[in-house]
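I would like to see how this sequence folds:
(one chain, ligands or ions: 1)
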Amino acid sequence: MDHFKNPRNQGKIENADGVGKVGNPVCGDVLWFYIKVKDDVIEDIKWETYGCAAAISVSSMLSEIAKGKNINEALKIENKDILKGLGNLPAIKIHCSLLGVEALQEAIYDYLSKNGKKITEELEKAHEKNKKTLNNLHE
Ligand code: FES
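Presented below is the predicted three-dimensional model:
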């Protein structure tokens, strides 16, 4: 509730080093994450969403968890870490927490690919899946 009423790091980073956009075709919610990276560490992170209250709380919590982490650590954040931080969400809202993780993955993917850095097979697969889901949303 606190993260919904006082969301942390909400907004957009102009000239972000990585931007991730994901959507959920079932509920129609869309989420963006923006990251500023220095020496592979996430120095700043912001997000915007056309989403539900849970998506807002999740994005706020995730941005706090990810800030200051290096890229590899940030990629290991799972939705259960966010749920632990929030004190859990109702079962029907679990997909909202997945959306947060995917948006951050996409922002990191964007940063790595723009900078010619190595992308793991796992991240490449996640990116393909996220891209497909987003395309379905726009159809
Ligand atoms: S209902 Fe879609 S992100 Fe929460």
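
All the strands of this protein, residue numbers only.
Assignment of strands within the chain using DSSP state E yields the ranges 18-23, 30-38, 41-50.

longest single helix anywhere in this protein?
Determined from DSSP state H, the single longest helix within the chain is helix 94-114.

What's the per-residue pLDDT of Y50 here?
Per-residue confidence at Y50 stands at 86 (pLDDT).

still on that earlier bit, reformat the strands of the chain as JSON lines; add distance to the ligand and mean neighbour count.
C-beta here means a position set from N, CA and C on the backbone, and glycine is covered the same way. As requested, those are exported to JSON lines (distance: least, CB to the nearest ligand atom, whole Å; neighbours: other CB atoms under 10 Å):
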{"stretch": "strand 18-23", "distance to the ligand": "9", "mean neighbour count": "22"}
{"stretch": "strand 30-38", "distance to the ligand": "7", "mean neighbour count": "22"}
{"stretch": "strand 41-50", "distance to the ligand": "8", "mean neighbour count": "19"}
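
what sits against I94?
79, 83 (CB atoms under 8 Å, 6 or more residues apart in numbering).

Look up how far the ligand lies from it.
According to CB to the nearest ligand atom, to the nearest Å, I94 stands 9 Å off from the ligand.

before we move on, what about L62?
13 Å.

Then N88?
In this view, N88 and the ligand are 15 Å apart by CB to the nearest ligand atom.

likewise K76?
For K76, the distance to the ligand - CB to the nearest ligand atom - is 22 Å.

still on that earlier bit, for the strands of the chain, give me CSV that also has distance to K84.
Supplementary listing: the strands of the chain in CSV, determined by distance: least, CB to CB, whole Å:
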stretch, distance to K84
strand 18-23, 21
strand 30-38, 20
strand 41-50, 19
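
Of those strands, give the one that comes closest to H3.
Closest approach to H3 among the strands of the chain is made by strand 41-50 (11.7 Å; CB to CB).
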